[in-house]
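J.: Predicted model and sequence below, questions to follow.
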Amino acid sequence: MTSWPPLLVLFVLTPLVGAVLTPAVSDASGRRSWEWALGTMLLTSAMAGALIMRVLDEGPFSYVVGGWVAPYGIELRFDEFSAFVAVVCLLGLLAVIFSRHYARDALAPGRIPYYYTLLLLNMTGMIGFIVTGDLFNLYVFMEILSLSAYALVAISGEKTAEMAAFKYLVMGAVSSLSILFGVGLLYALTGSLNMADVTGRLAGSAEAPLVLAFAALTLGFMVKSALFPLHIWLPDAHAIAPSPVSAVLSGLVVKVGILGMLRVYQIAYGSGAIDLSGLNLMLTWLGAISIVMGAFFAVFQDDIKMMLAYSTISNIGYIVMGLGLASPYSLIGASVHVFNHALIKATLFLGAGALIHQTGRRTLTGLAGVGRSMPLTTAAVSIGAISIVGIPPTAGFLCKWYIALGAMQAGEPLFAVALVFGALLIFVYYIRMVNAFYFRKPQEAGAPAVHEAPATMLVPVLILAALCLVMGVLGRLPLSFIEPAVTRLLAPLGGG
Amino acid sequence: MSTYLIYAVGGALIFSIGTYALLAQRHIMHKVIGANIMGSGIFMVLIALGKRTPDGVTDPVPQAMVLTGIVVTVALTALGLSIAKRYYTLTGLDDLDQDPPACDGR
């Protein structure tokens, strides 16, 4: 299958070219831009499918850009962790479909082509970040991703949106520079930017600069993934952005920090040049604090999207705690939760977006009794909420179960307690939400009659809700997929 | 004191000044300028890292990284300034601490 490799390059280039051409294809009022973005995302998704089939067949593979071999040129690499592109493409596609009516109502017509441009650029950055095998390339794609995310938060042009975007931008600037510094240091130590090459050359380098490099990289990725106490930018940015953007930000963009940490771990574990136990302990504690704090703040929110944004912090806590515990089970749980949380959070944000779009209200008080007029959407949101609590038949259960098992395996039952406590707090706000939807009477008598959202909004929400259930039942599928990758990651440590 | 060391120490100093400006200053323009100063600090340290070749010739790769970093910072600055301008036009405020009146955002 040697004729296949260029597909990996085309996979990165397609959304990029699509993004740049969107304003040219559409007219001034934004017509045709939706169709164009949809076509681009369909093509990209098809490529993602082909690439994943290949990694299933023959394991990780790579492609050398421009024919310059690895240590000098840029290498694109596709391994099991790269299978996250499946979720990226799926969410990207559904967010574009959802945007059809949403963008027309929420944005000025002149901004619609640029909205799709930014969304496709965001996808480019995400895909590039996941498939690149080069450290500096990683930084560049991360910047494409971050800059388009800041702009997407600000796109509605309202006061609060501008403020949230600015906060996000300031924190993002610090983290980007910190990552650039870490990459530069790693280059100075090894003379290479290729990840596999760096891993090989790190052994025997001085301890102090190595610690500094990994600390800078971890700090940068912690900000990107909004780990407590660096989470302050997240609630505003995710709550105020247009709902499809919130779904992409919460489901995918924060995961970039996690995937970045996984990459750094691959280098650190692979080289064996540095002892990460101190860093792991810190990540485990910060993860546990994030779980509890995120869930605690979420309980007191009345704004539905604000509640979901805080719940993202809590779920990032689960993933980071799983990474920090560094036992095989917790790493598997964390990796699978990266996939499943993306699906669950997208269900919730798109569902909330549909509710807000139809009713014009965004607080739980204002949405009281909406279950009667929009039964399908509220059912989907409820399924998403059950998943996020982690009740057995849904997608959220399996990952949390594995992370808890991992905590036991690592001999730290205390963290399993933090996990269960967090889940209980999450259960409280789930009850609040369901109670508001189904059991409270609508507050205002003069409220306009609402009905279900148009099909372009309803169908993505229902697909995602169905996936939340399916992934719970077919939980072994991603598990069997991620297990070899985790085993390989931990192999230098003696299998864990 | 070698040129490289001067660059590295100077870069670290500039980086600290930038970080202080970014985190402690309230004015939005100061924050944007702070981010730029921080970037310059990092870039100077990266240039100093070009010392690593044994034959005394400066390694060009960190310089290429700095060039790309500058491009990214320009984009970041442009976006930051346009957001700041829009924010000022809408609210008449020049810092983020005073909450603007609530709006009915979606």
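T.: Thanks, I have the structure now.

J.: Validate this expectation: residue A:76 resides in a strand.
T.: Yes. When DSSP: H, G, I helix; E, B strand; the rest coil is applied, residue A:76 is found to be in a strand.

J.: beta partners of it?
T.: residue A:63, residue A:132 (DSSP bridges).

J.: That one: neighbour count?
T.: 22 (other Cβ atoms under 10 Å in any protein chain shown). C-beta coordinates here come from the backbone N, C-alpha and C atoms, glycine included.

J.: my guess is it meets residue A:12, correct?
T.: Yes. Using Cβ atoms under 8 Å, residue A:76 is in contact with residue A:12, at 7.2 Å.

J.: joint contacts of those two?
T.: Shared contacts of residue A:76 and residue A:12, defined by Cβ atoms under 8 Å, 6 or more residues apart in numbering or on different chains, are found at residue A:131.

J.: hey, which helix or strand in chain B has the poorest pLDDT?
T.: helix B:3-24 (a mean of 86; mean pLDDT, DSSP states H and E).

J.: buried residues in it?
T.: Buried positions in helix B:3-24, judged by neighbour count with 16 or more other Cβ atoms under 10 Å in any protein chain shown: B:7, B:8, B:11, B:14, B:15, B:18, B:19, B:21, B:22.

J.: Just name whatever secondary elements it is in contact with.
T.: helix A:159-190, helix B:28-48 (3 or more Cβ pairs under 8 Å, 6 or more residues apart in numbering or on different chains; DSSP states H and E).

J.: Give me whichever of those helices is most buried.
T.: helix A:159-190 (a mean of 24; mean count of other Cβ atoms under 10 Å in any protein chain shown).

J.: chain center to that helix: distance?
T.: In terms of Cα atoms, centre = their mean, to the nearest Å, the centre of helix A:159-190 is set 17 Å apart from its chain centre.

J.: Counting residues, which helix of chain B comes out longest?
T.: Within chain B, and with DSSP state H defining each element, the longest helix by residue count is helix B:60-91.

J.: What angle do helix A:159-190 and that one make with each other?
T.: 170 degrees (axes from the mean of the first three to the mean of the last three Cα atoms, to 10 degrees).

J.: for the chain, which spans come out with low pLDDT?
T.: No chain was given, so I picked chain A. A:1-5, A:66-72, A:273, A:443-449, A:475, A:491-496 (pLDDT under 70).

J.: Chain B was what I was after
T.: If you take pLDDT under 70 as the line, chain B has these spans: B:1, B:52-54, B:97-106.

J.: residues from it in reach of chain A?
T.: By Cβ under 8 Å from any Cβ of the partner chain, the residues of chain B that approach chain A are B:19, B:22, B:28, B:31, B:35, B:38-39, B:42, B:45-46, B:49, B:52, B:59, B:61-62, B:65, B:68-69, B:72, B:75-76, B:79-80, B:83-84, B:86-87, B:90-91, B:96, B:100-103, B:105-106.

J.: From those residues, list just the buried residues.
T.: For those, buried by 16+ other Cβ under 10 Å: B:19, B:22, B:28, B:31, B:35, B:38-39, B:42, B:45-46, B:49, B:52, B:61-62, B:65, B:69, B:72, B:76, B:79-80, B:83-84, B:86-87, B:90-91, B:96, B:100, B:105-106.

J.: how far away is residue A:9 from chain B?
T.: In this structure, residue A:9 and chain B are 19 Å apart, going by Cβ to the nearest Cβ, to the nearest Å.

J.: That residue against residue A:76, yeah?
T.: Yes. Between residue A:9 and residue A:76 there is a contact at 6.6 Å, judged by Cβ under 8 Å.

J.: List the residues that contact residue A:155.
T.: Counted by Cβ under 8 Å, 6+ apart, residue A:155 has contacts A:107, A:111, A:114, A:115, A:118, A:161, A:241, A:242, A:245.

J.: tell me the SS of the fifth one?
T.: Pointing back at residue A:118 there. Applying three-state DSSP: residue A:118 is helix.

J.: Tell me which residues touch it, please.
T.: A:19, A:148, A:151, A:152, A:155.

J.: let's see it at 7 Å
T.: Residues in contact with residue A:118 (Cβ atoms under 7 Å, 6 or more residues apart in numbering or on different chains) are A:148, A:151, A:152, A:155.

J.: now swap in the fourth one and tell me
T.: Taking Cβ under 7 Å, 6+ apart, we find residue A:115 in contact with A:103, A:107, A:155.

J.: Can you give me the distance of the nearest residue to the second one once chain neighbours are set aside to chain B?
T.: Going back to what we said before, that points to residue A:107. Take residue A:107 and drop its neighbours on the chain: the residue closest to it by Cβ to Cβ, 6 or more residues apart in numbering or on different chains is residue A:115, 5.9 Å away. Plainly put, residue A:115 is 13 Å away from chain B if you go by Cβ to the nearest Cβ.
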